[in-house]
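Visitor: Can you look at this prediction? I've put the sequence above it.
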Amino acid sequence: MFNRSILIQLKEWKNSPHRKPMILRGARQVGKTTIVNALSREYDNFLSYNLEIPEHLVLFESANHLPDFIVKLFAFSGKPRKNGSTLVFIDEIQNSPKTISLLRYFYEEYPEIHVIAAGSLLENIVDIKFSFPVGRVQYLPVRPCSFAEFAVAVGGSRYTEILYDRQLATISHDRLMDLFNQYLIVGGMPEVVQVFSERRDILAANDIYETLLQAYRDDVEKYVRGNKLSETVRFILERGWYKAAETISLGNFAGSAYKTKDVGEAFRLLQKAMLLELVYPATSTDIPILTETKRRPKLIWLDTGLVNYAAGIRNEIVRSQNILDVWKGRIAEHIVAQELLTLNNKISQRRAFWIRGKGGESAEVDFLWTVDSKIIPIEVKAGHNSRLRSLHSFIDRSQTDVAIRIWSNPLSVDDVITVNGKKKFRLINLPFYMIGHLEDIVREYI
C-alpha cells in the first residue's frame with residue numbers, strides 16, 4: 001500500500017507530550033484501518049480490535065479496573081508484551097458506549113498507552129447518541145487521497161520533488177496535467193487508487209466502486225430510524241450523484257416529491273457521515289466567511305471518482321480535450337472542492353462560495369478560501385482575464401487584492417485591473433495539479 005500524508009501528522013501525535021486518545025473521523029473505506037496499520041510499525045506493541053466482532057465487543061464491555069483490563073488486552077491478543085511503546089486500535093467503536101467512555105481513563109490514568117479509535121458510522125453518534133470525553137480526546141479527519149498522494153502512488157516518488165519544485169513542474173506541465181486527468185477519472189478512494197496503480201485500467205476498479213456505493217446504501221438502516229427518513233436517504237444515495245457541484249433545492253430534490261424538511265434532515269445525516277457536504281454561499285466579502293444557510297447550497301460528494309462512476313460520465317472526461325469543458329464545468333469544480341479539503345486537517349473546515357446580494361446583475365465566485373485572515377476568491381475557469389466578471393465584482397467589493405484562477409495551463413501571475421477600472425489586483429493562474437500548494441503560493445502575494 002502506498003504512503004498517506006496523514007501518517008506525518010499521526011507520527012507527530014505519537015511523539016507529542018500532550019497526546020490524547022485519537023479519534024479518526026471519515027467515511028467508510030477512506031483508509032482509516034490501513035493508515036493505523038502503517039503507523040503500528042512505529043510501535044513495539046500493537047493491539048487491534050474491531051467492535052463489530054462479538055468477542056472483541058464482549059471484551060471491551062467487560063472492562064472495569066483499567067490496569068486489569070490492559071493485562072486482559074494483551075492476554076486476549078495472544079501476543080507477549082514487549083518493553084517499549086504500545087498502540088491500541090479500536091475500530092467500530094460506536095458499537096460500545098462504554099468503550100467510548102473508557103477513552104478518558106486511558107488519557108487520565110495511562111497516557112503511555114497510545115489509543116486510536118475509528119468507526120464507519122462514528123459521525124452519526126458524535127452529536128446524537130453518545131457524549132465523547134470532551135477535552136480528553138482529539139480528532140483527525142481521514143479523507144480520500146489528494147492528487148499529490150495519487151501522483152506518488154501511480155507515478156512514483158519522483159513526483160514529490162516535481163510537485164514541490166515550480167520550475168520542474170512547469171517543465172513537466174503536460175505530464176502533470178495528464179496525470180491529473182487520470183486522477184480526475186479515478187478519484188481518491190484508496191483501494192481504487194491502489195488497483196489503478198497496479199493495473200492502469202480504470203475498468204478494473206468498477207467492482208470496488210459498486211461495492212462502495214452498495215455499502216453506503218446498506219448503511220442506511222444504521223444511519224437512521226424511521227421509514228420516511230430511510231427512504232429519503234436512499235434516494236439521495238441513488239440520485240444525488242447526478243447533482244454533484246450543482247446548486248440544489250432541498251424541496252423536491254432531483255425531481256422527487258420529498259419535502260424540504262425531510263431532505264434537509266437526510267442531507268445532515270449524510271454530511272455527518274462525511275459522505276458529502278452542502279456548500280452554502282456567502283454574500284459578504286468580509287472576514288469571517290459567514291455562509292447563508294437559507295440560500296440554495298451546492299452539493300459536493302466525498303470523492304470525484306465515485307461521482308464519475310455513479311453518474312456515468314467517465315467517457316465524457318476521456319473524450320474531452322479540456323476538463324473545464326466536461327459536464328458544463330461541474331466536474332472540474334468538484335475536483336477543486338475535493339482538493340481544497342486536503343490543504344489542512346481541520347475537522348471543522350467548510351467550503352463556501354460567493355454570490356452577489358440583492359440588486360444589480362447576478363455574480364458567483366466558485367470558492368472562497370481564507371489564508372492568513374484574508375479571503376481569497378477562487379474561480380475554476382479558462383478564458384481572458386476581463387471575462388472573469390464575477391471575480392472582478394468580488395474584488396471591487398472586498399479588501400483583498402489577490403485572486404486565484406484555476407485552469408489547465410502552467411502557473412503564471414497577472415496584474416489586472418477590474419473591468420470598471422476601480423481596483424488593481426494580482427491574479428494567480430494556478431494549474432490543477434498545484435492546488436495542494438495554493439496557500440503557500442498565495443502567501444507570496446498577500
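Guide: Looks like it came in fine. Residues are numbered from 1 along each chain as shown.
Visitor: what's the neighbour count on L388?
Guide: Other residues lying near L388 total 23 when counted by other CB atoms under 10 Å. No exception for glycine: its C-beta is placed from N, CA and C like everyone else's.
Visitor: What values do phi and psi take at the nearest residue in space to it that is not next to it in sequence?
Guide: For L388, the nearest residue in space outside its immediate sequence neighbours is E379; the separation is 5.7 Å by CB to CB, 6 or more residues apart in numbering. Geometry field for E379 lists phi and psi as phi -110, psi 140, criterion degrees, to the nearest 10.
Visitor: Need the mean per-residue confidence for the strand or helix carrying I70.
Guide: Counting by DSSP states H and E, the element that carries I70 is helix 66-77. Here the mean pLDDT over helix 66-77 is 93, rounded to a whole number.
Visitor: can you dump the C-alpha coordinates of it into CSV?
Guide: Extracted in CSV, the C-alpha atoms of helix 66-77 (Å, rounded to 0.1, in the frame of the first residue of the first chain):
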residue,chain,number,x,y,z
LEU,A,66,-8.2,-0.4,33.9
PRO,A,67,-4.9,-2.0,35.0
ASP,A,68,-6.5,-5.4,34.9
PHE,A,69,-8.1,-4.6,31.6
ILE,A,70,-4.8,-3.8,30.0
VAL,A,71,-3.5,-7.1,31.1
LYS,A,72,-6.6,-8.7,29.5
LEU,A,73,-6.0,-6.9,26.2
PHE,A,74,-2.6,-8.5,25.9
ALA,A,75,-3.8,-11.9,27.1
PHE,A,76,-6.7,-11.8,24.6
SER,A,77,-4.4,-10.9,21.7
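Visitor: ok, and what's touching it?
Guide: By CB atoms under 8 Å, 6 or more residues apart in numbering, the surrounding residues in contact with helix 66-77 are 45, 47, 49, 59, 62-63, 80-81, 88, 102, 105-106, 109-110, 113.
Visitor: Filter these down to the buried ones and hand me the PyMOL line.
Guide: Buried residues within the contacts of helix 66-77, by 16 or more other CB atoms under 10 Å, are selected in PyMOL with:
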select buried, resi 45+47+49+59+63+88+102+106+110+113
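Visitor: Which members of the contacts of helix 66-77 are positioned in strands?
Guide: Mapping these onto strands (DSSP state E) picks out N45, L47, Y49, V88, I113.
Visitor: and the second one, what does it touch?
Guide: This means L47. The contact partners of L47, by CB under 8 Å, 6+ apart, come to L73, F74, S77, K79, T86, L87, V88, F89.
Visitor: Same question for the fourth one.
Guide: Taking CB under 8 Å, 6+ apart as the criterion, V88 is in contact with L47, S48, Y49, L73, F106, I113, H114, V115, I116.
Visitor: Equivalent analysis for K11, please.
Guide: Taking CB under 8 Å, 6+ apart as the test, what K11 contacts is L39, E42.
Visitor: pLDDT score assigned to the residue sitting nearest the centre point of the chain?
Guide: Note on the chain: the residue nearest the mean C-alpha position is R143, at 4.2 Å, using CA atoms, centre = their mean. On the pLDDT scale, R143 is placed at 95.
Visitor: now swap in V380 and tell me
Guide: Model confidence at V380, expressed as pLDDT, equals 97.
Visitor: A204 now?
Guide: You'll see A204 listed with a pLDDT of 94.
Visitor: Over to F130?
Guide: Listed pLDDT for F130 reads 55.
Visitor: what does D127 give?
Guide: We have a pLDDT of 45 for D127.
Visitor: Give the rounded mean pLDDT of stretch 181-192.
Guide: The average of the pLDDT scores along stretch 181-192 is 97.
Visitor: chain center to it: distance?
Guide: Here the centre of stretch 181-192 is set off from its chain's centre by 13 Å, with CA atoms, centre = their mean, to the nearest Å.
Visitor: just stretch 276-285 next, same as before
Guide: Per CA atoms, centre = their mean, the displacement of stretch 276-285 from the mean C-alpha position of its chain is 16 Å.
Visitor: How about stretch 397-414?
Guide: For stretch 397-414, the gap between its own C-alpha mean and the chain's C-alpha mean amounts to 23 Å (CA atoms, centre = their mean).
Visitor: Enumerate the positions of that stretch that are buried.
Guide: By neighbour count, with 16+ other CB under 10 Å as the criterion, the buried positions of stretch 397-414 are R397, S398, T400, V402, A403, I404, R405, I406, W407, S408, P410, L411.
Visitor: can you redo those as JSON lines with distance to L306, secondary structure and pLDDT?
Guide: Supplementary listing: those in JSON lines, determined by distance: CB to CB, whole Å; DSSP: H, G, I helix; E, B strand; the rest coil; pLDDT from 0 to 100:
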{"residue": "R397", "distance to L306": "36", "secondary structure": "helix", "pLDDT": "93"}
{"residue": "S398", "distance to L306": "35", "secondary structure": "coil", "pLDDT": "95"}
{"residue": "T400", "distance to L306": "34", "secondary structure": "coil", "pLDDT": "95"}
{"residue": "V402", "distance to L306": "33", "secondary structure": "strand", "pLDDT": "97"}
{"residue": "A403", "distance to L306": "30", "secondary structure": "strand", "pLDDT": "97"}
{"residue": "I404", "distance to L306": "26", "secondary structure": "strand", "pLDDT": "98"}
{"residue": "R405", "distance to L306": "27", "secondary structure": "strand", "pLDDT": "97"}
{"residue": "I406", "distance to L306": "21", "secondary structure": "strand", "pLDDT": "97"}
{"residue": "W407", "distance to L306": "25", "secondary structure": "strand", "pLDDT": "97"}
{"residue": "S408", "distance to L306": "23", "secondary structure": "coil", "pLDDT": "96"}
{"residue": "P410", "distance to L306": "30", "secondary structure": "coil", "pLDDT": "96"}
{"residue": "L411", "distance to L306": "29", "secondary structure": "coil", "pLDDT": "96"}
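Visitor: My guess is L270 contacts I236. True?
Guide: Yes - L270 is in contact with I236 according to CB atoms under 8 Å; the separation is 6.4 Å.
Visitor: who's in contact with the closest residue to Y107 other than its chain neighbours?
Guide: On the basis of CB to CB, 6+ apart, the spatially nearest residue to Y107 that is not a chain neighbour turns out to be R136, at 4.4 Å. For R136, the residues meeting the contact criterion (CB under 8 Å, 6+ apart) are K20, P21, L103, R104, Y107, E108.
Visitor: and the closest residue in space to the fourth one that isn't next to it in sequence, how many residues sit next to it?
Guide: The one in question is R104. Beyond its immediate neighbours in the sequence, the residue positioned closest to R104 (CB to CB, 6+ apart) is P133, lying 3.6 Å away. A total of 18 residues lie near P133 under the criterion other CB under 10 Å.
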